[in-house]
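> no sequence for this one, just the structure:
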């Protein structure tokens, strides 16, 4: 089973930062790095601040055959809040390729998500135990545009739904939201 270490959420950005001299590109990468850490640590409110995003960001999320559009801090905050409240914020790259340009970031990832069976069942997946935890892996391409001040304009996420695989986890393999926060908070602070 290919799993991920939550610390790897910033592995590719850190590697790219280490070899990037362009100040604009470094600012974009630094913003993205902080965003990724905050999101997986469940500290999403710190993402939706004037130092991180524009006043009216736009998210386009295409996953599991559904397309969701979110506009503005209230809609995006409600989205993040629901994910964190359910403990569904433990996800990240297993493999990651990232490129930075003046306009923003392009990322291709084999992504892993720790999800409870009842959530997957609600998405229409054939799950044998709604109380167990599962690892969903899938390929995702995303684009992160930034404005002239290196603030996030939005996220554009595209899943290859045919790449989805789901594996049941043993209890000792599960990384909970609380565990992720404990691991990542020192990297943020």
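Nice, thanks for sending it over. Here the structure is a predicted model, which means the values were calculated and not measured. Residues are numbered from 1 along each chain as shown.
> which strands or helices does the longest strand seen in the chain pack on?
Longest strand of the chain, by residue count under DSSP state E: strand 152-168. With contacts defined as 3 or more CB pairs under 8 Å, 6 or more residues apart in numbering; DSSP states H and E, strand 152-168 has these neighbours: helix 23-40, strand 53-63, strand 133-145. Quick note: C-beta positions are derived from backbone N, CA and C, even for glycine.
> strands paired with the shortest one, and their directions?
I take that to be strand 53-63. Sheet partners assigned to strand 53-63 using DSSP bridges are listed as strand 66-71 (antiparallel), strand 152-168 (parallel).
> and that strand, what's buried?
Across strand 53-63, burial judged by 16 or more other CB atoms under 10 Å covers 53-54, 57-63.
> got a list of what the closest residue in space to residue 131 that isn't next to it in sequence touches?
In space, and not counting its chain neighbours, residue 131 is closest to residue 117: 6.2 Å by CB to CB, 6 or more residues apart in numbering. Contacts for residue 117 (CB atoms under 8 Å, 6 or more residues apart in numbering) come out as 127-134.
> ok, of those residues, which come out buried?
Burial by neighbour count, 16+ other CB under 10 Å: within the contacts of residue 117 this picks out 127, 132-134.
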